[in-house]
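From the sequence below, what's the structure:
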Amino acid sequence: MATNTAPQFCEGIQYFGTAWENFSKHASRAAIGEGQSAISDPDSHDAAYQTLLMADALRYVTLQVCGSKGSGHPGGFASSAEAYAALVMLGHTNIVTEVGHHAPGFYSAMFLDTSLEEMGIKTVSDMMTRFREKHGLLGHLSGAIPGLLAPAGPLGQGQHFAMAGALLHPGKLFPVTIGDGGMGEPYVLNSMMHFNTAYPKVTNFLPTLIWNGYSQEHHSMVSRFTNEEMIAYWKGHGFKEVVLVNAKDFDDSNQAGEYADSSYFSLKQRLAFAAAVLSGMNKAAKSALGGKLTAFIIKQMKGAGVHTVGAKSHNLYPTDSLDKPHMIEGLKRRALNPEAWAIVRENFMRAGGGPAAKTAVTEHVLELAPLGRMPFNDYAKTEKAVPATAMGAMVAYVGTQDRRFVVTNADGNEASAMKNINDALKIRHPTADPLYNQEPEGQVYEPLNEDACAGLAAGLSLFGSRALWLSYESFAINGWPIVQTVAQAMAELRRKTPSIVTMFTAGALEQGRNGWTHQRPEIENYFAAQMRNGNTYPLFPCDANAIQAAYDYATNSFNKCMVIIASKSPLPVYMSIAEAQHAVEEGAATIYESKSGGKTVVFAVTGDMVLLPVFEAKDQLEAQGCRVRIVAVVNPRRLYRPTDISWDTVAEPDNKFMDDGHFNALFDADVLLAISGGPSAVLEPVLLRTRAARRDTFAWKRGETTASPAEIMAFNGLTAVAMVKRAMAA
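The predicted structure is shown next:
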C-alpha cells in the first residue's frame with residue numbers, strides 16, 4: 001500500500017504500518033540530534049525505542065529487496081538487526097563482517113544512510129532493481145559499494161579487516177559481525193588471540209557474535225553451548241570482557257527452545273530487549289576503546305522478524321517471491337509508519353558524523369610515508385647471490401622508512417634466508433630477546449598460521465597501508481583465499497591503495513629432503529589463472545638483481561596483487577639491476593644468446609633454480625651446432641595480448657603489454673621450450689603467442705623425497721639431457 005506522506009526514498013515500499021504505541025512520545029524527533037554523531041544517552045527510552053525502529057527498518061528493507069529477486073540471504077542479518085542498529089545509534093559505523101550472507105542487511109544500512117545514492121540508488125524501487133545485478137549490489141559484500149569497508153565472501157576473513165582497521169586508526173571502533181555458523185572457518189578466534197598477544201594495546205576492534213543457533217542448512221556446531229560455555233570459549237581465547245544479551249531472557253510469548261525470536265514478544269518486551277542490546281553494546285564499545293579485549297554476543301533466533309526462522313530463513317528461492325503469502329505476512333509484520341521511516345533515515349544520516357560513504361575510513365586514501373629511492377645492491381654477473389636475502393635488505397629499508405609497514409611470516413624469515421628483515425625490523429613479541437630479534441614494538445608479525453599472516457597483510461593493504469606476506473610456496477594455499485578476495489576487492493575499489501605484495505620462497509626445487517609436504521608449486525597455477533583478472537601479477541625474478549627490481553616494482557604499485565616467487569639458495573646472477581628493471585617492466589628479457597649456430601632453440605623460463613639445467617642444456621645444444629637463446633620470463637602478465645586480460649575493468653588499470661615485434665624478437669625459434677620449475681600455466685601467454693611451429697613444455701609433475709635439487713628436478717624430468725633430446729627431436 002502506498003501513501004503520499006512517505007518520504008521520497010520510500011518509493012517502492014509495498015506495505016506501511018500504523019504507528020507503534022507511544023510513537024509521538026519517543027520518536028517525535030531523532031534521538032541523534034542535529035550536529036551530533038551518536039545518541040547522547042544510551043539509557044534513554046527514546047534511544048531504545050528508535051533503536052528498535054531502526055532494527056525493524058533494516059529487516060523490512062532486507063526482506064523486500066531479497067524477495068524482489070526471490071534470491072539472497074535475509075535470515076542471518078535479521079537476527080543481528082538490534083546489534084547493528086545499536087552500533088549505528090552509538091555512532092560506530094566503521095562496521096565490517098565475516099559473513100558474506102549478511103550482505104542484504106549491510107546494503108540496507110547503506111541505503112538508509114544515503115550512501116547508495118552515489119550509485120544512483122535513491123529509492124527502494126531502485127534498490128530492488130539493482131539487487132544482485134551487474135553493476136549493482138552483488139550477492140556478497142564488496143568494498144566497491146559506497147560506505148562498505150571491506151568485502152565478505154569466504155568465512156573466517158572479516159576479523160582480519162577489523163584488526164587492520166584498528167591497528168591503522170587508534171581511537172576508532174571497528175566492530176565485526178561474526179556468525180556462529182562460521183566461527184571455526186578457520187582460526188577466527190585464534191587469529192584474534194595471536195593479534196592481541198602481539199598488539200596488546202590495539203583493542204579497538206569489537207567482534208560481535210550473532211549467535212542464532214543455525215548455519216546455512218542446519219544447526220550451528222556451537223548451538224548446544226550454554227551461555228556460560230560460550231562466554232568461557234571467548235575468554236579462553238584472551239577476551240577479558242564478554243557481554244552477552246540473550247533474547248530468551250525477555251520472552252513473554254512462551255517460545256520453545258533456547259533461541260527466541262524477539263519479534264513475537266510484546267512491544268514492551270521488544271523494547272526491553274532493544275534497551276539491553278543498546279546498553280550492552282555501549283558497555284562493550286567503551287571496554288574495547290578503553291584497552292580491554294572485548295566481545296559482544298547477541299543470542300537470538302536466526303531469521304528473527306522476517307518470513308521464517310532457523311536455517312530455513314537463510315536463503316530465498318524463486319518460490320519466495322513478494323506475491324507469496326508467507327512473504328507478504330513477513331513484510332506486513334515489519335511494516336513501519338511513514339514517520340518512522342523518516343526518523344530512521346535521520347538517525348542513519350547523522351550517525352558516525354554522516355553517511356558511511358563520506359565517513360568510513362576506507363573512503364579516503366591513507367597518506368603513505370615516502371620511501372625515496374630503494375637501496376639496490378647491483379650484484380655482478382660473475383658472482384652468486386641469494387635472491388631471498390637480496391630482497392630482504394630492501395624489505396628492511398621499507399620498514400625503516402615506513403613505521404606502519406608490517407611483514408608477516410608463519411614459518412620464519414630466518415628459515416627463508418631473510419634474517420636481515422628480523423635484524424632490522426624485529427619480530428613483534430611481548431618477550432624481548434635479542435638472540436631471536438624479539439621486541440614488543442617489532443614490525444614482523446609471526447603467528448604460526450598462514451591464514452593469520454595473509455589476513456593481516458591483506459587487510460592492511462586493503463585499508464591503505466603497506467604490508468608484505470612471506471611464506472613457503474608450499475604452504476601459501478592456506479592463506480591465499482583472503483589474498484584472492486582482497487585482490488578482487490582492489491580491482492573494484494574507488495580509491496587508490498597499496499598493492500598486496502607477497503613473496504613465496506623455499507620452493508619445490510629447494511625442499512628435497514622435506515619431501516612432497518614442502519613441494520607444492522601447483523599454487524602457481526592459481527596465480528596464473530588470476531592473471532586474467534586484470535590486477536594480479538605473478539613475478540618470477542631469475543636472480544638476486546631481478547628480485548630487487550621485482551620488489552621495487554610491486555611495492556610502488558597500487559590496487560594490484562603482486563606475487564614474487566624466488567629461491568633462498570645462492571644462484572648465478574644473469575642481469576644487472578637496470579636490465580632487471582627493464583625485464584620486469586617489459587615482461588621478459590634475453591639473459592643468454594649464442595653468437596652463431598644453425599637450428600635456433602629458445603628456452604622461455606620462469607624461475608631461478610631451474611635455469612641451472614637450462615644452461616647445461618645450452619652447452620650441449622651449442623656443441624651440436626644449435627643457436628640458443630634463453631629468455632627469462634619475469635612478468636608473464638605483460639606477455640598476454642590485451643584482449644586476454646580484463647585490464648580495462650579494474651581500478652588503476654594497466655594496459656602495458658609486449659607488442660608483437662618485441663615478442664617475436666624474443667621467442668621466434670625453430671624450437672621453443674617453455675620451462676618452469678613449477679607448473680606450466682604461468683607460461684601460457686608465451687605458448688599462446690609464439691610463432692614457433694615446434695614447441696614443448698617442461699614443468700613440475702609431483703613431489704618426492706630427494707637429497708638435492710638436481711635429484712628432484714630429475715624426478716620431474718627437468719634435466720639438461722631431457723631438454724636436449726626434446727629440442728633435437730623436434
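
Pull the distance from the longest helix belonging to the chain to the chain's centre.
Counting by DSSP state H, the longest helix found in the chain is helix 45-69. Centroid separation for helix 45-69 versus its chain: 29 Å, with CA atoms, centre = their mean, to the nearest Å.

Could you verify my assumption that residue 52 touches residue 271?
Yes: counting by CB atoms under 8 Å, residue 271 is a contact partner of residue 52 at 5.9 Å. Any C-beta I mention is one placed from the backbone N, CA and C, and that applies to glycine too.

Compare the two and say which is more crowded by neighbours.
Legend: neighbour count by other CB atoms under 10 Å for residue 52 and residue 271, higher for residue 52 (26 against 21).

how close does the residue nearest to residue 54 when sequence neighbours are not counted sit to residue 95?
Leaving aside its chain neighbours, residue 54 sits nearest to residue 85 (3.9 Å; criterion: CB to CB, 6 or more residues apart in numbering). Noted for residue 85: a distance of 11 Å to residue 95, by CB to CB, to the nearest Å.

And for residue 53?
19 Å.

can you check residue 136 too?
For residue 136, the distance to residue 95 - CB to CB - is 21 Å.

Mind checking which of these two has more residues around it?
For residue 136 versus residue 95, neighbours defined as other CB under 10 Å are more numerous around residue 95 (27 against 17).

What helix or strand is the residue nearest the centre of the chain located in?
Closest residue to the average C-alpha location of the chain: residue 486 at 3.4 Å, with CA atoms, centre = their mean. Element membership of residue 486 [criterion: DSSP states H and E] is helix 480-492.

cool, residue 106 as well?
helix 103-112.

for whichever helix or strand comes after that helix, the distance to its chain's centre please.
Remark: after helix 103-112, the chain's next helix or strand is helix 124-130, criterion DSSP H and E. With CA atoms, centre = their mean as the basis, helix 124-130 stands 28 Å off its chain's centre.

by contact count, what packs against the following helix or strand past helix 124-130?
Downstream of helix 124-130, the next assigned helix or strand under DSSP H and E is helix 158-168. Here helix 158-168 touches strand 96-97, strand 174-179, helix 188-198, strand 205-211, helix 450-462, going by 3 or more CB pairs under 8 Å, 6 or more residues apart in numbering; DSSP states H and E.

quick one, domains of this structure?
Per the record, the chain has its domains at 8-363, 384-729, by automatic domain parsing.

shouldn't the residue nearest to residue 54 be in contact with residue 51?
Yes: the pair residue 85 / residue 51 is scored as a contact, 4.9 Å apart, by CB under 8 Å.

between those two, what contacts are shared?
Each of residue 274 lies in contact with both residue 85 and residue 51 under the rule CB atoms under 8 Å, 6 or more residues apart in numbering.

So for stretch 517-534, mean pLDDT?
For stretch 517-534, the mean per-residue pLDDT is 92.

Pull out the buried positions in it.
Buried residues in stretch 517-534, defined by neighbour count with 16 or more other CB atoms under 10 Å: 518-528, 530-531, 533-534.

List the contacts of residue 183.
189, 209, 220-222.

Quick one: the strands in the stretch 601-730 of the chain, in order.
Counting by DSSP state E, counting those that start in this stretch, one finds strands in the stretch 601-730 of the chain at the ranges 627-633, 671-676, 694-698.

Which of the ones you listed sits closest to residue 409?
strand 671-676 (24.9 Å; CB to CB).

same for the closest one, what does it pack against?
In terms of contacts (3+ CB pairs under 8 Å, 6+ apart), strand 671-676 is packed against strand 600-606, helix 684-689, strand 694-698, helix 720-729.

show me what contacts residue 291?
Residue 291 sits next to 201, 203 when contact means CB under 8 Å, 6+ apart.

separation between it and residue 165?
Taking CB to CB, one finds residue 291 at 17 Å from residue 165.

so what does whichever helix or strand residue 591 is part of touch, helix or strand wise?
Element membership for residue 591, per DSSP H and E: strand 588-593. Applying 3+ CB pairs under 8 Å, 6+ apart, one finds that strand 588-593 contacts helix 577-586, helix 611-623, strand 627-633, helix 660-667.
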